[in-house]
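Student: would you be able to build a 3D model of this:
(chains A, B, C and D)
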There are 2 protein chains.
Amino acid sequence: MAEKRMGTESSATRALLLDVTERLMLKKGYAAVSSRSVAKEAGVTAALVHYYFRTLDDLFLAAFRREAERQLVKHDRLLRGDQPLRALWEFSSNPSITALLFEFMALANHRKSIRSEIAEYIERFRRVQIDALSPHLEAHGLGRVDLPPEAIIVSLIGVSRTLAMEQSLGVTGGHPETLALVERYLTRLEGPRPAVPRST
Amino acid sequence: MAEKRMGTESSATRALLLDVTERLMLKKGYAAVSSRSVAKEAGVTAALVHYYFRTLDDLFLAAFRREAERQLVKHDRLLRGDQPLRALWEFSSNPSITALLFEFMALANHRKSIRSEIAEYIERFRRVQIDALSPHLEAHGLGRVDLPPEAIIVSLIGVSRTLAMEQSLGVTGGHPETLALVERYLTRLEGPRPAVPRST
DNA sequence: GTCTATAGTTCGATAGAC
DNA sequence: GTCTATCGAACTATAGAC
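Tutor: The predicted structure follows:
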């Protein structure tokens, strides 16, 4: 059987469809993404969406990969600065990135092909974090057996993502105390927050 | 205009529909919940679902409330034991409860009526946690200004939920080190894990 | 590269019979 | 309390014209 026609990776329309998909996921959730809703928002027809992405899963996967690669680049750059732990905290506190990751995780929970892709990327981010931060933390005498860099990183990310998610729901109980604790911890390790925040 | 007919709160069928809704959310995600899918799984017709719950939002809300109230009872009991912090850790590490909460949060992100209900319950859980744990932690000299109970609780929950979620995706990077760290921390504060785990 | 047209599903919600 | 029947809408995906 012959191959179905398909759009190329470099197409501007394809990029637009991915933009729209991301926007729609953030604003209305993954369940609001359909070939029709994406097409309408992009000003094209649903058939064209299927021309670039055979199935909806392909569309989700492409959107996830593109954003993950973008974030990996940004992530790498931040971790090479002089306050990598603080940078990691701020990176994983980003509300819209957290919300988007959350949508993809919710989606992944019930779609095999997407789950394995997301798991792979999370592991990849984590390896980069551990590689970048281990020497830095050990220089502060924090690589000790009872406080390994892996545990510091996972905890920091767990707390930041939880705060971000709860905040987007409007929950604030215990947040000020937790933020203050993290801030003291980061200051002790890497000094105070710079007067001019690092650029995004 | 006259009131629409509606089922009563005490109906066994109503309870069954809530059971099915919960099961379906866990297994296939909230997007797989429809009046038809719930009806089919419960062995009734879609019209009957609408007889008990006027809209799908009503169904979701009822399912959330019922489960939240159940968990509040369990939560209360656990926090009154002799290792409340460890109990809180285990409580919020429960994979299926975490997965279900996650589904509801994903749903809530884009449905106003559900969002406010979830936010309210999270705040309620947190107040109970703070009230129960503050005296306990202060007895261990941990209520100090620089390490308030609120921050300990939020951090512990953030880490446990993140580990649970990642685990369900198949991510394990940094988990062993983090689990070991938490275990050492809990042991230092409340002693070792009991030989026979507390019952659920 | 983009469209129209269409097949085949599934959905939310209601009216009204039993 | 539960069902059948139904409206009107939205959905995925494809074939084929332009």
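
Student: so, low pLDDT: which residues of chain A?
Tutor: Where chain A drops to pLDDT under 70, the residues are A:1-2, A:142-143, A:198-200.

Student: helices of that one, start to end?
Tutor: A:12-28, A:35-42, A:46-52, A:56-79, A:84-91, A:95-108, A:112-139, A:149-169, A:175-190 (DSSP state H).

Student: of those, which is nearest B:Leu18?
Tutor: B:Leu18 lies closest to helix A:95-108 among the helices of chain A, at 21.0 Å (C-beta to C-beta). In this view, the C-beta of every residue, glycine as well, is placed from N, C-alpha and C.

Student: ok, and does the closest one reach over to DNA strand D?
Tutor: No - against DNA strand D, helix A:95-108 shows no contacts by C-beta under 7 Å from any atom of the strand, the least distance being 12.5 Å.

Student: that helix to helix A:12-28, inter-axis angle?
Tutor: 90 degrees (axes from the mean of the first three to the mean of the last three C-alpha atoms, to 10 degrees).

Student: A:Ala139 - how many residues pack around it?
Tutor: 10 (other C-beta atoms under 10 Å in any protein chain shown).

Student: the residue lying closest to A:Lys4 once chain neighbours are set aside and A:Lys112, how far apart?
Tutor: Leaving out its chain neighbours, the residue that sits closest to A:Lys4 by C-beta to C-beta, 6 or more residues apart in numbering or on different chains is A:Arg54, at 6.8 Å. Counting by C-beta to C-beta, to the nearest Å, the gap from A:Arg54 to A:Lys112 is 17 Å.

Student: more neighbours: those two, which one.
Tutor: A:Arg54 (12 against 9).

Student: quick one, phi psi at the more buried one?
Tutor: phi -50, psi -50 (degrees, to the nearest 10).

Student: so it is in contact with A:Arg5, correct?
Tutor: No - A:Arg54 is beyond contact range of A:Arg5, at 10.3 Å (criterion: C-beta atoms under 8 Å).

Student: give me phi/psi at A:Gly191?
Tutor: phi 90, psi 170.

Student: what does the one 4 residues further on give?
Tutor: A:Ala195 has phi and psi values of phi -60, psi -40 when expressed as degrees, to the nearest 10.

Student: how near is it to DNA strand C?
Tutor: 47 Å (C-beta to the nearest atom of the strand, to the nearest Å).

Student: show me which residues of stretch A:4-24 are buried.
Tutor: A:Thr13, A:Arg14, A:Leu16, A:Leu17, A:Leu18, A:Val20, A:Thr21, A:Glu22, A:Leu24 (16 or more other C-beta atoms under 10 Å in any protein chain shown).

Student: now render these as TSV, adding distance to chain B.
Tutor: Listed next are the buried residues of stretch A:4-24 as TSV, based on distance: C-beta to the nearest C-beta, whole Å:
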residue	distance to chain B
A:Thr13	27
A:Arg14	25
A:Leu16	23
A:Leu17	21
A:Leu18	20
A:Val20	16
A:Thr21	15
A:Glu22	15
A:Leu24	11
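
Student: now these as TSV including distance to DNA strand D?
Tutor: Output for the buried residues of stretch A:4-24, formatted as TSV (distance: C-beta to the nearest atom of the strand, whole Å):
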residue	distance to DNA strand D
A:Thr13	14
A:Arg14	15
A:Leu16	17
A:Leu17	13
A:Leu18	15
A:Val20	13
A:Thr21	11
A:Glu22	16
A:Leu24	10
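
Student: who are the contact partners of A:Leu56?
Tutor: By C-beta atoms under 8 Å, 6 or more residues apart in numbering or on different chains, the contact set of A:Leu56 is A:Val33, A:Ser34, A:Ser35.

Student: and of the residues you listed, the nearest to B:His175?
Tutor: Distances from B:His175 to these, taken by C-beta to C-beta, are shortest for A:Val33, at 31.0 Å.

Student: can you tell me the closest non-neighbouring residue to that closest one?
Tutor: A:Leu24 (5.2 Å).

Student: swap in A:Pro148?
Tutor: In space, and not counting its chain neighbours, A:Pro148 is closest to B:Glu177: 4.4 Å by C-beta to C-beta, 6+ apart.

Student: now that neighbour: how far from A:Ser168?
Tutor: 29 Å.

Student: what does A:His140 give?
Tutor: On the measure of C-beta to C-beta, A:His140 and A:Ser168 end up 32 Å apart.

Student: for stretch A:136-156, what is the distance to the chain centroid?
Tutor: 23 Å (C-alpha atoms, centre = their mean, to the nearest Å).

Student: picking up where we left off before, ok, A:His140 and A:Ser168, which is more surrounded?
Tutor: For A:His140 versus A:Ser168, neighbours defined as other C-beta under 10 Å are more numerous around A:Ser168 (18 against 11).
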